[in-house]
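**Student:** Sharing a model prediction with you, sequence too.
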Amino acid sequence: MRLTRRLLPVLLLCCAAPATAQQRIEQQMTPEQFKAAGLDKLSADELVRLNAWLNRTLDAETGKAAAQAKKRVEDENRGFFNFGSSEPIVSRLVGEFRGFARGRQYALENGQVWRQTDEATLAGVRLNQATATINPSMVGNAWYLRVEGYNTRAKVERLK
């Protein structure tokens, strides 16, 4: 049995039910849609095979979409919540970096804004578009900002 590429998206949309529902295509379409798609020409065995394939495909695509959505939420909210990732956030600071000081805010090119919460200092430094790395602590939801070329790090909290 061969399905055209134009028919496949229609079939997937018609059967877009939760993965656990395992609905049959003939229940998802009206009799007119079923006939217009040429599915009424399938034997009972072919229809069973088509339903099985659609359900496997929907399960796989739903799993992929869920994983992508989870990753996007985690990436967008890192720094607000700890998702257990030890991966650093690496971006460039917007504008000039003039060292560390408590209460100072640091805007990153990725759109995040962080505020220093500890007393760390780094005086006499002036860098433009410096690369910043923000690492999560090993325990808890603390984050530390370090600027490329310097070992001093400041404890920060994400504002935006």
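**Tutor:** Looks like it arrived, so ask away.

**Student:** Can you tell me which residue is spatially central in the chain?
**Tutor:** Nearest to the mean C-alpha position of the chain, by Cα atoms, centre = their mean, lies residue 72 at 1.5 Å.

**Student:** Just the pLDDT for residue 92.
**Tutor:** The score at residue 92 is 93. That number is its pLDDT.

**Student:** Let me fix that, I meant to ask about residue 75.
**Tutor:** pLDDT, read off for residue 75, is 68.

**Student:** where exactly do the strands run in the chain?
**Tutor:** Assigned by DSSP state E, the chain shows strands spanning 89-92, 96-97, 105-107, 113-116, 127-128, 131-136, 143-147, 153-158.

**Student:** buried set for stretch 132-144?
**Tutor:** Using 16 or more other Cβ atoms under 10 Å as the test for burial, stretch 132-144 gives 132, 134-136, 143-144. For glycine as for every other residue, the C-beta is placed from the backbone atoms N, C-alpha and C.

**Student:** ok, which stretches of this protein are helices?
**Tutor:** Remark: helices assigned in the chain by DSSP state H are 7-14, 25-28, 31-36, 44-77.

**Student:** for these, which one ends up most surrounded?
**Tutor:** Comparing the helices of the chain by mean neighbour count (mean count of other Cβ atoms under 10 Å), helix 25-28 ranks first with a mean of 16.

**Student:** mind checking how far that one is from the chain centre?
**Tutor:** Centroid separation between helix 25-28 and its chain, computed with Cα atoms, centre = their mean, to the nearest Å, is 32 Å.

**Student:** next one: stretch 106-124
**Tutor:** 25 Å.

**Student:** quick one: contacts of it?
**Tutor:** Residues from elsewhere that reach stretch 106-124 (Cβ atoms under 8 Å, 6 or more residues apart in numbering): 79, 89, 91-95, 97, 99-105, 132, 134, 143, 145, 147, 150, 152-160.

**Student:** If we use 6 Å, what do you get?
**Tutor:** 91-94, 99-100, 102, 104-105, 152, 154-160 (Cβ atoms under 6 Å, 6 or more residues apart in numbering).

**Student:** and those residues, which are buried?
**Tutor:** Buried among the contacts of stretch 106-124 (16+ other Cβ under 10 Å): 91-94, 99-100, 154-156, 158.

**Student:** So, low pLDDT: which residues of the protein?
**Tutor:** Low-confidence segments of the chain (pLDDT under 70): 1-22, 74-75, 77, 79-85.
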